[in-house]
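**Student:** predicted model, plus sequence, below.
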Amino acid sequence: MNSIVLEVIGTTLQEVKTAAQHGADRIELITAITEGGLTPSIGLVEEAVAAVDIPVNVMVRPHSRSFVYDADDMRTIVADVRRIRQTGANAIVFGVLTPGGKVDVPALEHVLAAADGMQMTFHRAIDEAKDIYAALDALLAYPQITTVLTSGGKPSALDARAEIAAMVRQAEGSKLAILAGSGLKQDAVSRFVRDTGVQQVHFGSNVRVNGQALSPIDPERLRNLKATIRSL
């Protein structure tokens with residue numbers, strides 16, 4: 001069985017179904033893909049979880065202004081997490097920073113408590129941290145955080161091979177996996193995986209028609225990507 005996990009962004013129920021049918025191992029369910037992903041509606045979460053047999057991870061992000069959240073934001077986030085937990089979703093996808101660019105530990109712990117044992121992916125907020133390795137070290141203290149989605153602190157993960165490889169080494173021996181995403185392409189993914197040692201990859205635009213974020217998932221592109229990953 002292939003050991004590389006392929007996570008695919010889904011923004012509609014049809015995309016979730018298409019992704020599951022054509023090679024995705026896991027879904028990241030979001031809305032507002034061009035803003036980096038925001039919290040989808042609870043109705044979409046319920047429908048997505050019911051529609052497919054693969055894990056559905058759900059973005060919890062109330063706005064795209066920053067990853068620094070005030071008290072009102074946190075109330076919204078906690079309310080969303082509690083509702084998402086009831087749907088049977090696999091995990092929440094969340095990230096939070098202090099104004100100084102460190103992981104906001106009290107806010108993170110508040111959300112983990114609301115998740116009540118549900119797994120969390122800490123998302124690309126880490127790429128805006130002042131020190132991505134210090135941020136990862138903070139996250140390693142929480143067993144509920146099973147994945148970190150990162151581009152290694154750069155716009156494209158393809159330009160952060162050394163950084164991502166270092167993060168993979170840093171997480172060795174823990175239950176936390178590094179999920180590489182942003183800018184990955186089928187023709188580059190094999191070498192990227194070999195160079196970095198990642199066991200999980202995340203695709204959004206590059207499995208869509210013409211590689212466009214607002215286009216639907218292209219079944220052929222996704223099948224071809226899956227075939228490439230299976231060969232690793």
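**Tutor:** Right, received. Where do you want to start?

**Student:** next, the residue positioned nearest the centre of the chain: secondary structure please.
**Tutor:** Centroid-nearest residue in the chain, with C-alpha atoms, centre = their mean: residue 149, separated by 4.8 Å. Look at residue 149: counting by DSSP: H, G, I helix; E, B strand; the rest coil, its state is strand.

**Student:** check contacts around it.
**Tutor:** Residue 149 makes contact with 28, 93, 121, 122, 123, 124, 126, 179, 181, 202, according to C-beta atoms under 8 Å, 6 or more residues apart in numbering. Glycine gets a C-beta too; all of them are placed from N, C-alpha and C.

**Student:** ditto for residue 137
**Tutor:** Contacts for residue 137 (C-beta under 8 Å, 6+ apart) come out as residue 170.

**Student:** re the thing from before, tell me the one among the contacts of residue 149 nearest to residue 214.
**Tutor:** Proximity of the contacts of residue 149 to residue 214 (C-beta to C-beta) peaks at residue 28, which lies at 16.4 Å.

**Student:** separation between the closest one and residue 106?
**Tutor:** Distance, residue 28 to residue 106, by C-beta to C-beta, to the nearest Å: 26 Å.

**Student:** this structure: helices as residue ranges?
**Tutor:** For the chain, helices defined by DSSP state H occupy the ranges 13-21, 42-51, 71-85, 105-115, 132-139, 161-171, 186-196, 219-230.

**Student:** could you dump the ones you listed into CSV with distance to residue 62 and mean pLDDT added?
**Tutor:** Output for those, formatted as CSV (distance: least, C-beta to C-beta, whole Å; pLDDT from 0 to 100):
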stretch, distance to residue 62, mean pLDDT
helix 13-21, 22, 98
helix 42-51, 14, 98
helix 71-85, 5, 98
helix 105-115, 12, 98
helix 132-139, 21, 98
helix 161-171, 27, 98
helix 186-196, 31, 96
helix 219-230, 29, 96
